[in-house]
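J.: Fold the following, please.
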Amino acid sequence: MARTAGSSGPKTLAAIRRAGLRLIHAHGYEAMSLRQLAAEVGIQQGSLYNHISTKQELLFDLISVHMHDLLQAADAALKEGGPPLARLKAFVAFHVDYHIERKLEVMISYSELRSLEPENFKAVVALRSAYERKLIAILTDGAADGSFALADPRIAAFGILSMLSGTATWFDPRGRLSKAAIAKIFTDMAVGAVTPREGAVGLVPPPGT
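T.: Below is the predicted model:
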C-alpha cells in the first residue's frame, strides 16, 4: 500500500486496516464500500486513495500481511526444534493461540479468499502452502522415525489444520474454558491421533485415497 508523507500517514493506514478488518468481517467484502470505510476511519473518501488504490488492494493487503505474520510467528514458535513430537505440540499450541488472538484476520483470510483477483489469489495460496508445509514436515519426520503412525502425512496435516482452525470461529473468551485449556485439549487430540498404538486408526486415509 502507498503511504502519504508526514507523520499521520502510517497512523492513518493502520486505522484503515483496522476499520477494513471490522467492516469486511461484519458485512463481507462485496458489501463493504470505500465510502463506508472512509466514514469509519473519519476521513474523506478521496483521502483513502493516498493510502490504497482499490478495495481489492486493501483485501489483498489484509490477507497477505496476515499470512506473512503467521509464517514469521510460526518460525519463532518452532525455533527450538527438537524431535517431531515436541515440534508437533509446539505447532498445535501456536496455531490455536494465533487463530484465537487474530480471529478477524483468520476468518477473513478463509471467507474472502474467493474474492481475491487471480494473481492475488495465487500469491495467498502460495503463502498458505508454505505454512501447511511446516506441519507436513513435522509429520513426515515423525512418520520416518516411527514417532507417528501415518500413511500420508500430507492428508494428516490437512485434517489437523481443519480441526484446529475452527477455534477462530467458535472460541469465546467468556466461555468455561480458557485459551490455554483449549490449546491443551487440541494438543492431546492431535498427538493422540498420530501416535502409534495398538488397534488405533488415527489420521490414516483408507486404501485408494
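
J.: Outline the domain layout of the chain.
T.: 1-53, 56-194 (automatic domain parsing).

J.: pLDDT on the first one, on average?
T.: It refers to domain 1-53. What domain 1-53 shows for mean pLDDT is 82.

J.: can you give me the offset of it from its chain's centre?
T.: 22 Å (C-alpha atoms, centre = their mean, to the nearest Å).

J.: swap in the last one?
T.: Here the centre of mass of C-alpha atoms in domain 56-194, compared against the chain's by C-alpha atoms, centre = their mean, lies 6 Å away.

J.: packing partners for the helix ranked longest in the chain?
T.: Using DSSP state H to define each element, the chain has its longest helix at helix 118-145. Applying 3 or more C-beta pairs under 8 Å, 6 or more residues apart in numbering; DSSP states H and E, one finds that helix 118-145 contacts helix 55-77, helix 84-101, helix 153-165. Where you see a C-beta, it was placed from the backbone N, CA and C, and this is true even at glycine.

J.: Any chance of CSV for those helices, columns mean neighbour count?
T.: What follows is these, written out as CSV (neighbours: other C-beta atoms under 10 Å):
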stretch, mean neighbour count
helix 55-77, 17
helix 84-101, 20
helix 153-165, 18
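
J.: Out of these, the one nearest V191 is which?
T.: Closest approach to V191 among those is made by helix 84-101 (6.5 Å; C-beta to C-beta).

J.: taking the mean pLDDT, what do you get for that closest one?
T.: For helix 84-101, mean pLDDT is 94.

J.: Show me what it is packed up against.
T.: Identification of packing neighbours for helix 84-101 by 3+ C-beta pairs under 8 Å, 6+ apart yields helix 55-77, helix 118-145, helix 153-165, helix 167-170, helix 179-194.

J.: Pipe those into TSV and attach distance to H27 per row.
T.: Shown next, in TSV, are the helices and strands packed on helix 84-101 (distance: least, C-beta to C-beta, whole Å):
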stretch	distance to H27
helix 55-77	12
helix 118-145	20
helix 153-165	22
helix 167-170	17
helix 179-194	27
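
J.: and these, which one's lowest on average pLDDT?
T.: Among those, helix 167-170 scores lowest, with a mean of 83.

J.: So what touches that one?
T.: Under the criterion C-beta atoms under 8 Å, 6 or more residues apart in numbering, residues 96, 99-100, 102-103, 106-107, 182, 186 lie in contact with helix 167-170.

J.: Next, give me the two most distant ones among the residues you listed.
T.: Maximum pairwise distance among the contacts of helix 167-170 (C-beta to C-beta): 17.9 Å, between M107 and F186.
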